[in-house]
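Asks: What shape does this take:
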Amino acid sequence: MSGETDLIGRIEADVRSAMLAREEERRDALRLILASLRSAEKELQRPLSADEELQVLQRERKRRIEAAEAFHAGGRDEQASREEAELAILEEYMPEPLSEEELDRIVDDAIAETGATNIRDMGRVMADVMPQIAGRADGSAVSQLVREKLA
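Replies: Numbering: from 1, shown residues only. Presented below is the predicted three-dimensional model:
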């Protein structure tokens, strides 16, 4: 059984709970997340794998962060806080972020495993690291860390 029904089912149940508790903002945020997941399923014409669900959540997360930044920059703090509230709800469904120590260890292990010695080996190291950190660390921060360690 794929993980897709678990996440979608969990969010659907949480939408019902939010409705019963009359938590309109939470209900609406959850419905948006659900719509994104269902839309991705419709596009692929099949249930999403756990990795694909995570990609949808990451895309939604990035969208909220960028929108909040744009609203803050434009002095529209009320809309910014709405985006940030949605972001907080969205993050409840994402894996726990990696600590700097955990990330450091994963990168060090990957460098050791691939025998990387310089920046030309970065691709091999990243190929080893990315599946291990999926959704739990920012890819650009990871690539910066790998670059620093190989330099």
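
Asks: which secondary structure element contains His72?
Replies: Per DSSP states H and E, His72 falls inside helix 50-73.

Asks: Show me which positions of the helix or strand that comes right after that helix end up buried.
Replies: Sequence order places helix 77-91 as the next helix or strand after helix 50-73, per DSSP H and E. Neighbour-count burial for helix 77-91 flags Ala80, Arg82, Glu83, Glu84, Ala85, Glu86, Leu87, Ile89, Leu90 (criterion: 16 or more other C-beta atoms under 10 Å). Yep, even glycine has a C-beta here, placed from its N, CA and C like the rest.

Asks: quick revisit: for the helix holding His72, which positions count as buried?
Replies: 52-54, 56-58, 60-61, 63-64, 67-68, 71.

Asks: Spatially nearest residue to the residue nearest in space to the middle of the chain (excluding sequence neighbours)?
Replies: Central residue of the chain (C-alpha atoms, centre = their mean): Gln58, 3.0 Å from the mean position. Spatial nearest neighbour of Gln58, chain neighbours left out: Gly135 (5.7 Å); criterion: C-beta to C-beta, 6 or more residues apart in numbering.

Asks: what domains does the record give for this structure?
Replies: Following automatic domain parsing, the chain resolves into domains at 4-91, 100-150.

Asks: Going by mean pLDDT, which of those comes out lowest?
Replies: If those are sorted by mean pLDDT, domain 100-150 sits at the bottom with a mean of 89.

Asks: returning to what we had before: what angle separates the helix holding His72 from helix 77-91?
Replies: Helix 50-73 runs at 160 degrees relative to helix 77-91, counting by axes from the mean of the first three to the mean of the last three C-alpha atoms, to 10 degrees.

Asks: If you drop the residues flanking it in sequence, what lies closest to Arg61?
Replies: That would be Leu90: by C-beta to C-beta, 6+ apart, it lies 5.6 Å from Arg61.

Asks: if I look at that neighbour, how far off is Gly75?
Replies: Using C-beta to C-beta, to the nearest Å, one obtains 24 Å as the distance from Leu90 to Gly75.

Asks: How about Arg16?
Replies: From Arg16 across to Gly75, the span is 37 Å (C-beta to C-beta).

Asks: So the two - more neighbours on which side?
Replies: In terms of neighbours (other C-beta atoms under 10 Å), Arg16 is the more surrounded of Arg16 and Gly75; the figures are 12 against 7.
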